[in-house]
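In: predicted model, plus sequence, below.
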Amino acid sequence: MSDFPFTIMDVAYLLRLNIRRRGNPLVVYADCPICGEHRGRLGLYPQTNTWHCFHCGETGGMLRLYGQVHCTDNSQSFREICDTLAVGGFPAENRAPSRGGPERPTEMPASGRAPEREIHRTYKALLSMLTLTQAHREHLRTVRGLTDAEIDDFGFKSTPPGRLCQELTRKLTEQGFLVQGVPGFYVDDRGKWTVKFYQRTSGFLIPQYGVDGLLHGLQIRLDTPIRDGSGSTEKKGAKYLPLSSSGKNFGVTSGSPVHFVGDPHARVVYVTEGALKADIAHAITGRTFAATVGANNTGGLDELFSFLSRNGTEEIIEAEDMDKHHNAGVFRGACAVHNLALKHNMACRQLNWDPAYKGIDDWLLAVKRNKNIKE
Ligand SMILES: [Zn+2]
């Protein structure tokens, strides 16, 4: 039984693979998008959601297949697949037939995105109704190195149990908050507005603020990462999920909001991926950080850099994860940061650190803890 909200046939559909033949229920043959052979030598195995190319020898799980084509890491692949298939991280029900052709479900009516100020008000009110569990607070304290005051300031909250979703939404509407067009909210099968929190995607919420000081999105840091089924060369599963209701009745996609923490007039602004990373790095250094959802979601940076440049920022420091030196996807994202900085007449340099630490937050935390030991 797959732990994924999609199947390998969904991924085959997304990649527009040319299906050659369906030998038996266990294997479907397609042309390999990695080596480009055209004789249907790529075997797709729907029962295990794995694949193997008998031409180039490449093999793996669903995220790797997608990642090999799009140069994305597992997390990024997972996000993109979910977003395109409009499943927000919960198991597919009767979606693709098990031996799957490229038939897709009928489209649900969607909502347009609500005005940003309304989204901000609704999210603020929603967060005020939620609490942070002791376990999550402990994680933020010990693993992430944040103080209680910082944890409260950033506004992390635990996701509510699914059974409270409808009541929370009812309270919000009663108090005059808009839910239609706010990512995460949708109309359920019984015609009632609700918000999309599930048991299997439980975790804590990371608020994503824009440079305008408004809350534009919420990210869930999952308690249980969603893993690729192959168990082969895959590293870790996807750990972050946007709160989104795309694909749901009157739902709306999260988009890819850029998180901003610090001074909107800072002379120097650091750019990384992941709101939590930026929050931690800001807490340690006091510097100003912008964070995209993934290293490749650089779309929102154009507008942000244009604003920062007008606001007096002179230098952008690209602080993407250290795998930018061997991960093509992250490298591509890092290059985009440099190009956008130049486009908006700001200097740009790359920050590098001990590659034993992947993210800037990991490295800064290690430095801080070392210092504490020496003192
Ligand atoms: Zn191949």
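Out: Done, it's in.
In: so how far is stretch 261-269 off the chain centroid?
Out: 24 Å (Cα atoms, centre = their mean, to the nearest Å).
In: the residue of the stretch 251-375 of the chain found nearest the ion - how many residues pack around it?
Out: Residue of the stretch 251-375 of the chain nearest the ion, by Cβ to the ion: residue 328 (17.6 Å). To be clear about C-beta, it is placed using only N, CA and C from the backbone, and glycine gets the same treatment. Residues contacting residue 328 under the criterion other Cβ atoms under 10 Å number 14.
In: just residue 58 next, same as before
Out: Neighbour count of residue 58, defined by other Cβ under 10 Å: 16.
In: same check on residue 224?
Out: Residue 224: 12 neighbours (other Cβ under 10 Å).
In: count the residues that sit near the nearest residue to it once chain neighbours are set aside.
Out: Leaving aside its chain neighbours, residue 224 sits nearest to residue 200 (7.4 Å; criterion: Cβ to Cβ, 6 or more residues apart in numbering). Per other Cβ under 10 Å, the neighbour tally for residue 200 reads 14.
In: ramachandran angles for residue 200?
Out: phi -70, psi -10 (degrees, to the nearest 10).
In: pLDDT score for it?
Out: Residue 200 carries a pLDDT score of 81 in this model.
In: likewise residue 142?
Out: pLDDT for residue 142: 95.
In: cool, the one 10 residues further on as well?
Out: Predicted confidence (pLDDT) at residue 152: the value is 97.
In: just residue 309 next, same as before
Out: Per-residue pLDDT puts residue 309 at 96.
In: can you pull the residues of this structure lying near the ion?
Out: Residues of the chain found near the ion (Cβ under 5 Å from the ion) are 32, 34-35, 53, 55-56.
In: drop anything exposed from those.
Out: Neighbour-count burial (16 or more other Cβ atoms under 10 Å) applied to the residues of the chain next to the ion gives 32, 34, 53, 55.
In: is it true that the first one lies in a helix?
Out: No - the assignment for residue 32 (DSSP: H, G, I helix; E, B strand; the rest coil) gives coil, which keeps it out of a helix.
In: any idea what sits nearest it, other than its immediate chain neighbours?
Out: Residue nearest to residue 32 in three dimensions, not counting chain neighbours: residue 42, with 3.9 Å by Cβ to Cβ, 6+ apart.
In: isn't that neighbour right up against residue 29?
Out: Yes - with contact defined as Cβ atoms under 8 Å, residue 42 reaches residue 29; the gap is 6.7 Å.
In: residue 146 and residue 280 touch, don't they?
Out: Yes - taking contacts as Cβ under 8 Å, residue 146 lies within contact range of residue 280: 6.6 Å.
In: need the max-distance pair from the residues of the chain next to the ion.
Out: Using Cβ to Cβ, those span at most 9.0 Å, a distance reached by 34 and 55.
In: show me where pLDDT drops low in the stretch 51-200 of the chain?
Out: Applying pLDDT under 70 to the stretch 51-200 of the chain flags the ranges 86-108.
In: can I get the CA coordinates of the lengthiest strand in the chain in CSV?
Out: Secondary structure of the chain per DSSP state E: the longest strand is strand 215-226. C-alpha atoms of strand 215-226 as CSV (Å, rounded to 0.1, in the frame of the first residue of the first chain):
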residue,chain,number,x,y,z
LEU,A,215,0.6,36.9,6.2
HIS,A,216,0.4,35.4,2.7
GLY,A,217,0.6,31.7,3.5
LEU,A,218,1.0,28.9,5.9
GLN,A,219,3.4,26.0,5.6
ILE,A,220,3.1,22.7,7.4
ARG,A,221,6.2,21.1,8.8
LEU,A,222,5.1,17.5,8.8
ASP,A,223,5.5,15.3,11.8
THR,A,224,6.0,12.3,9.5
PRO,A,225,7.8,13.0,6.2
ILE,A,226,6.1,11.5,3.2
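In: what helices or strands is it leaning on?
Out: Packing contacts for strand 215-226, counted by 3 or more Cβ pairs under 8 Å, 6 or more residues apart in numbering; DSSP states H and E, involve helix 116-129, strand 203-209, strand 238-242, helix 275-285.
In: now do it and helix 275-285, the angle between them.
Out: Orientation of strand 215-226 against helix 275-285 (axes from the mean of the first three to the mean of the last three Cα atoms, to 10 degrees) gives an angle of 110 degrees.
In: that older thread, more neighbours: residue 42 and residue 29, which one.
Out: More crowded of residue 42 and residue 29, by other Cβ under 10 Å: residue 42, with 28 against 19.
In: could you check how far the more buried one is from residue 13?
Out: According to Cβ to Cβ, to the nearest Å, residue 42 and residue 13 sit 14 Å apart.
In: same check, this time on residue 214
Out: From residue 214 across to residue 13, the span is 36 Å (Cβ to Cβ).
In: more neighbours, the two?
Out: The neighbour comparison of residue 214 against residue 13 (other Cβ under 10 Å) goes to residue 13, with 20 against 17.
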